[in-house]
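Enquirer: just need the structure, nothing else, for what follows:
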Amino acid sequence: MELEEESPLPAPSAPPYPPPMLDLVESPLQVPSHEENSTVTEAAGILTNKPKLSNASLNPVPWSTGLCDCCDDCNSCCLTCWCPCVTFGRIAEMVDRGSTSCGVSGALYMLILCVTGCSCMYSCFYRSKLRGQYLLKESPCTDCCIHCCCEECALCQEYRQLKNLGFDMSIGWHGNMERKKRLSIAATPPSIESGMSR
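Expert: The predicted structure follows:
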């Protein structure tokens, strides 16, 4: 018996540009859309309306606070000053959508800081990831430059950005998803049956 050779499958082609990484939950940040239709996405059991995006609607938005506005939130400023690993761990957990825990990310950050003294090379990638998810401008300069020159200010700005998007940073990603689910259930009006049946 002869084995028939199958023709190799064509390699999948990549899209001309990477799709935007938008958050899977509703947030106060609204991405402008030129199309009126919206799609419904199911993520972790939560239904959210997502606007269909066109190339014209991918304009980056500014950060909610400036890089040097650390005193706008004194609690996060003090936390970052004395325990930057905790601040970074909380940011990483939110940006990774709960796939890594605050403790693991914070411990890795501290390990890199103690061994190399250059934890900014690790944390700048999370700034880029955060910007990609929420379409934030890369300002005032590149992510790595900001983290290398002003690590604490960059961490504070990212922490404030996530808080201003409606996240409670102290309860983590899964806690925020549970809170969102409880609020959406509480806000849903009860269904009313029409008429009586015999």
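Enquirer: quick one: average pLDDT of stretch 83-99?
Expert: Here stretch 83-99 scores 94 as its mean pLDDT.
Enquirer: does residue 101 touch residue 94 like I think?
Expert: No - taking contacts as Cβ atoms under 8 Å, residue 101 lies outside contact range of residue 94: 11.3 Å. Yep, even glycine has a C-beta here, placed from its N, CA and C like the rest.
Enquirer: now for these two: what residues contact both?
Expert: Here residue 101 and residue 94 have residue 172 as joint contacts, going by Cβ atoms under 8 Å, 6 or more residues apart in numbering.
Enquirer: who has more neighbours out of those two?
Expert: Neighbour count, other Cβ atoms under 10 Å: between residue 101 and residue 94, residue 94 has more, with 25 against 16.
Enquirer: now that one: how far from residue 159?
Expert: 9 Å (Cβ to Cβ, to the nearest Å).
Enquirer: so what sits against both of these two?
Expert: residue 169.
Enquirer: so what pLDDT did residue 146 get?
Expert: At residue 146, pLDDT is 91.
Enquirer: so it touches residue 127, yeah?
Expert: Yes - counting by Cβ under 8 Å, residue 146 touches residue 127, with 7.0 Å between them.
Enquirer: shared neighbours of these two, which are they?
Expert: residue 154.
Enquirer: mind checking how far residue 119 is from residue 58?
Expert: For residue 119, the distance to residue 58 - Cβ to Cβ - is 31 Å.
Enquirer: now the strands for the protein?
Expert: Secondary structure of the chain (DSSP state E): strands located at 38-43, 46-51.
Enquirer: those strands: lowest mean pLDDT?
Expert: Averaging pLDDT over each of the strands of the chain puts strand 38-43 lowest, since it has a mean of 41.
Enquirer: re earlier: between residue 119 and residue 58, which has more neighbouring residues?
Expert: residue 119 (21 against 12).
Enquirer: quick check: phi and psi at the more buried one.
Expert: Main-chain torsions, residue 119, degrees, to the nearest 10: phi -70, psi -10.
Enquirer: low-confidence bits of this structure, can you list those?
Expert: 1-57, 190-191, 193-198 (pLDDT under 70).
Enquirer: do a quick rundown of the helices in it.
Expert: Along the chain, counting by DSSP state H, helices occupy 74-82, 84-95, 102-116, 120-134, 143-149, 151-164, 172-187.
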